[in-house]
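S.K.: pasting the sequence and the predicted model now:
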Amino acid sequence: MVQDRNYGKLLAKVALRSSLCLALAGSLVMGSLGETWAQYPGATPPPPSNDIHRPKGNRGSNAAGAAIGLGVGIILGIAAEKARQRARARKDPPVYGSPPPSAGRNGPKYKKPKKPRRVRKTKRPRKARIVRVALPEMIRLGRPKPGTYRIGFKPLMSKKHFVVALKPGISQKEVSEFLQQYDLRRLAQIRLGLLDQIYLKLAYPKGMKPAELAKLGSDPRLQKAQPSYLYYPAQTSAASKGVAEEELPDGLQYAFDKLNLTAQTIAQRGKGVTLAVIDSGISSSHPALVDKVSGRFTAFAKKSAKLDTHHGTAVASIIAARQGMRGVASEVKLLSAQVFATSEEGYVTADSYDIARGIDWAIANGANILNLSFAGDQDPLIKAVLEKASERGVIAIAAAGNEGVGAPAAYPAAYDNVIAVTATDADDGLYDFANRGGHVEIAAPGVDVLVASGEEGYALESGTSMAAAYISGSVALMLERVQGLSPDKIKEYLAIAARDLGDAGRDPDFGHGLLDAGKAVSDLASSSNGDSS
């Protein structure tokens, strides 16, 4: 319709010209026909169509021929022009907003068609609140592949800062001169009570590499200089499932049966024992641990680091949860030393300086047990701190590591004065990714074990971190029964109470075997009764 309207005038002009031409041709034809009838007297001419067509003598009417030709010409001209327009439309359709090529400068203009209305998209509905549901009694989640908390190819020492110990008696003026001489920037400074020594965390100057620290350590104002070693939590995250507190199936906490921690074998709850979790911090709002933490330390200024308490909360819930799930030692006095944070590279990590500060704070606040669910490389500072802690009768329990077969020994678990713990599953099989070695002391459940997660949820987690937490809780029960046990004595009782797995006797996979905590506590009770008599 738009095309017919725009070309109407042009069509009329062309039709008129064509009609005139055809009318002229029709007049000539009809005139010649009249003359032809006159040449043949015997022929009968066609009758006139009306009163106008009267014969004039022997000739036909030229006016009638002209009228007929004009009518035929108009009809044929209009039909021809429409055919031409249709052909042109198929070949070269008109472009809206500009005149056709043959219209000229003053040709017809075209209105742009109205744009269709834009359809408004429906807004996304708000996310529905996730309803926590009970898991079936017989649940078996697939084992997760280690990722977030494995060391793998992550760096074992910091490239940004290092640690130095000052010689006793050095003045602050001498410290300032030392920093100025080597163009060093002081990041932090602390006196470690365990070592009775001042330590500095310093930023590497431009161009200096960790290998050059030995040269710097020879400065007469320093006791020693060392890299800032990095540590990573010994845990792998599994898929989480929401579970309602009142509907937690007992099968999710299979570890209690494995450790022989039942109401019939254990009456202790860790009362009177102080246990420090040196980790990423513990959630203060989770129902399983609400009002459970007696003291807190953090190595970080407010808003200066990206903190995530997931790992520390999981470990603490195994040790001391008292509602929503069952903790091994629900009445233990819990301390939280927050030394792990998320680095710029996205790793959850801690360094030598902050871990040493956390341990020093915990022992100053009366810790009897240190739970060290992390792994890294050999570190002179952490080794010295743990040696002093052991001399004071503090029991250090550490995760063996999650690097798998063939991996080197992980520290601090491999130090002599630390109890190294490996992980087993519900079938007493060794955790696939556990480190092996002669330093492994004892085994405990650590595969698909129930832990507190997030603000109020629960999850199944795996790793030697979880196994270490079960041993820490069990040792708290032992210390409640008999206080003042030395680290060596605790090791002895753990070995006696272990159920042998793998090769006979102590082996690099399971150590002495899977702990029977019920037996360990009862053996202590028998021993103490015998001594008292």
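M.R.: Yep, it's here.
S.K.: Arg322 contacts Pro287, correct?
M.R.: No: applying Cβ atoms under 8 Å as the test, Arg322 and Pro287 come out as separate, 9.7 Å apart. Using the backbone N, CA and C atoms, a C-beta is placed for each residue, glycine as well.
S.K.: can you show me the helices along the protein?
M.R.: 2-6, 8-38, 62-91, 172-181, 213-217, 255-258, 310-320, 352-364, 380-391, 464-481, 487-497, 517-532 (DSSP state H).
S.K.: show me the shaky parts of this protein.
M.R.: 1-70, 72-73, 87-153, 235-250, 264-265, 528-533 (pLDDT under 70).
S.K.: Tyr347 versus Ala407, what's the distance?
M.R.: Using Cβ to Cβ, to the nearest Å, we find Ala407 at a distance of 18 Å from Tyr347.
S.K.: repeat for Leu259
M.R.: Relative to Tyr347, and taking Cβ to Cβ, Leu259 is found at 32 Å.
S.K.: the more surrounded of those two?
M.R.: Higher neighbour count among Leu259 and Tyr347: Leu259, with 26 against 18, using other Cβ atoms under 10 Å.
S.K.: so that one sits against Pro445, correct?
M.R.: Yes: at 7.1 Å, Leu259 and Pro445 qualify as touching, with contact defined as Cβ under 8 Å.
S.K.: so what sits against both of those two?
M.R.: The contact sets of Leu259 and Pro445 overlap at Tyr470 (Cβ atoms under 8 Å, 6 or more residues apart in numbering).
S.K.: what packs against the lengthiest strand in the chain?
M.R.: Ranked by residue count and defined by DSSP state E, the top strand of the chain is strand 222-233. Packing partners of strand 222-233 (3 or more Cβ pairs under 8 Å, 6 or more residues apart in numbering; DSSP states H and E): strand 157-166, helix 213-217, strand 348-351, helix 352-364, strand 374-375, helix 380-391.
S.K.: now those in JSON lines, with distance to Ser330?
M.R.: Output for the helices and strands packed on strand 222-233, formatted as JSON lines (distance: least, Cβ to Cβ, whole Å):
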{"stretch": "strand 157-166", "distance to Ser330": "38"}
{"stretch": "helix 213-217", "distance to Ser330": "46"}
{"stretch": "strand 348-351", "distance to Ser330": "27"}
{"stretch": "helix 352-364", "distance to Ser330": "20"}
{"stretch": "strand 374-375", "distance to Ser330": "24"}
{"stretch": "helix 380-391", "distance to Ser330": "25"}
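S.K.: for Leu485, which of the ones you listed is the nearest?
M.R.: helix 380-391 (12.6 Å; Cβ to Cβ).
S.K.: list the contacts of that closest one.
M.R.: With Cβ under 8 Å, 6+ apart, helix 380-391 has contacts from 163, 165, 192, 194-195, 199, 224, 226, 229, 352-353, 355-356, 359-360, 363, 370, 396, 411-412, 415, 417-418, 487.
S.K.: could you rerun that using 7 Å?
M.R.: 163, 194-195, 226, 352, 355-356, 359-360, 363, 370, 396, 412, 415, 417-418, 487 (Cβ atoms under 7 Å, 6 or more residues apart in numbering).
S.K.: and for stretch 466-473?
M.R.: 235, 255, 259, 270, 275, 315, 318-319, 327-329, 369, 371, 373, 397-399, 419, 421-423, 442-446, 449, 451, 515.
S.K.: how far away is the residue nearest to Gly484 when sequence neighbours are not counted from Lys333?
M.R.: Leaving aside its sequence neighbours, Gly484 sits nearest to Gly393 (Cβ to Cβ, 6 or more residues apart in numbering; 7.0 Å). Separation of Gly393 from Lys333 (Cβ to Cβ) stands at 16 Å.
S.K.: so for those two, which sits in the more crowded spot?
M.R.: Lys333 (22 against 13).
S.K.: spit out the contact partners of that one.
M.R.: 273-274, 294.
S.K.: among those residues, who's most crowded?
M.R.: Val273 (24 neighbours).
S.K.: picking that back up, please save the CA atoms from the longest strand of the chain in PDB.
M.R.: Below are the C-alpha coordinates for strand 222-233, written out as PDB (Å, rounded to 0.1, in the frame of the first residue of the first chain):
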ATOM      1  CA  LEU A 222      71.300 -10.100  64.400                       C
ATOM      2  CA  GLN A 223      70.900 -13.500  66.000                       C
ATOM      3  CA  LYS A 224      69.600 -15.000  62.700                       C
ATOM      4  CA  ALA A 225      67.700 -14.200  59.500                       C
ATOM      5  CA  GLN A 226      65.300 -16.600  57.700                       C
ATOM      6  CA  PRO A 227      62.600 -16.600  55.100                       C
ATOM      7  CA  SER A 228      58.900 -16.200  56.000                       C
ATOM      8  CA  TYR A 229      57.800 -19.800  55.300                       C
ATOM      9  CA  LEU A 230      54.200 -20.300  54.200                       C
ATOM     10  CA  TYR A 231      51.700 -22.800  55.600                       C
ATOM     11  CA  TYR A 232      48.400 -24.100  54.200                       C
ATOM     12  CA  PRO A 233      45.500 -25.800  56.000                       C
END
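S.K.: okay, the angle between it and helix 172-181?
M.R.: 70 degrees (axes from the mean of the first three to the mean of the last three Cα atoms, to 10 degrees).
S.K.: sorry, back to before: would you check that the residue nearest to Gly484 makes contact with Leu485?
M.R.: No: using Cβ atoms under 7 Å, Gly393 makes no contact with Leu485, being 8.1 Å away.
S.K.: state the number of residues packed around Ser453.
M.R.: For Ser453, using other Cβ under 10 Å, the count is 24.
S.K.: looking at strand pairing, list the partners for it.
M.R.: Legend: beta-bridge partners of Ser453 under DSSP bridges are Gly457.
S.K.: for Ala316, see how far away it is.
M.R.: For Ser453, the distance to Ala316 equals 12 Å [Cβ to Cβ].
S.K.: and Arg86, by the same measure?
M.R.: 85 Å.
S.K.: higher neighbour count, these two?
M.R.: Applying other Cβ under 10 Å to Arg86 and Ala316 shows that Ala316 carries more neighbours, namely 31 against 11.
S.K.: can you pull the contacts of the more buried one?
M.R.: Applying Cβ under 7 Å, 6+ apart, the residues near Ala316 are 277, 282, 289, 334.
S.K.: do I have it right that the last one meets Lys292?
M.R.: Same thing as Leu334. Yes: using Cβ under 7 Å, Leu334 is in contact with Lys292, at 5.4 Å.
S.K.: between these two, what contacts are shared?
M.R.: Ala320.
S.K.: got the domain boundaries for the chain?
M.R.: 2-40+49-91, 157-229, 232-532 (automatic domain parsing).
S.K.: list buried members of the contacts of stretch 466-473 by neighbour count.
M.R.: Buried subset of the contacts of stretch 466-473 (neighbour count, 16 or more other Cβ atoms under 10 Å): 235, 255, 259, 270, 275, 315, 318-319, 327-329, 369, 371, 373, 397-399, 419, 421-423, 442-446, 449, 451, 515.
S.K.: quick one: end-to-end length of stretch 429-449, please.
M.R.: 14 Å (Cα to Cα, to the nearest Å).
S.K.: make residue 1 into 251 and carry on from there
M.R.: Sure, I'll start numbering at 251, so the last one becomes stretch 679-699.
S.K.: which of the residues in it are classified as buried?
M.R.: Buried residues in stretch 679-699, counted by 16+ other Cβ under 10 Å: 680-687, 689-699.
S.K.: ditto for stretch 607-622
M.R.: Buried, per 16+ other Cβ under 10 Å, within stretch 607-622: 607-613, 617-622.
S.K.: and what of stretch 459-470?
M.R.: Buried, per 16+ other Cβ under 10 Å, within stretch 459-470: 463, 466.
S.K.: need the contact partners of that stretch.
M.R.: 407, 412, 428, 432, 474-477.
S.K.: among those, name the buried ones.
M.R.: Looks like those have 407, 412, 428, 474-477 buried, using 16+ other Cβ under 10 Å.
S.K.: what is the most widely separated pair among those?
M.R.: Met407 and Phe428 (22.1 Å).
S.K.: that older thread, looking at the contacts of Lys583, which one is closest to Lys741?
M.R.: Distances from Lys741 to the contacts of Lys583, taken by Cβ to Cβ, are shortest for Val523, at 17.3 Å.
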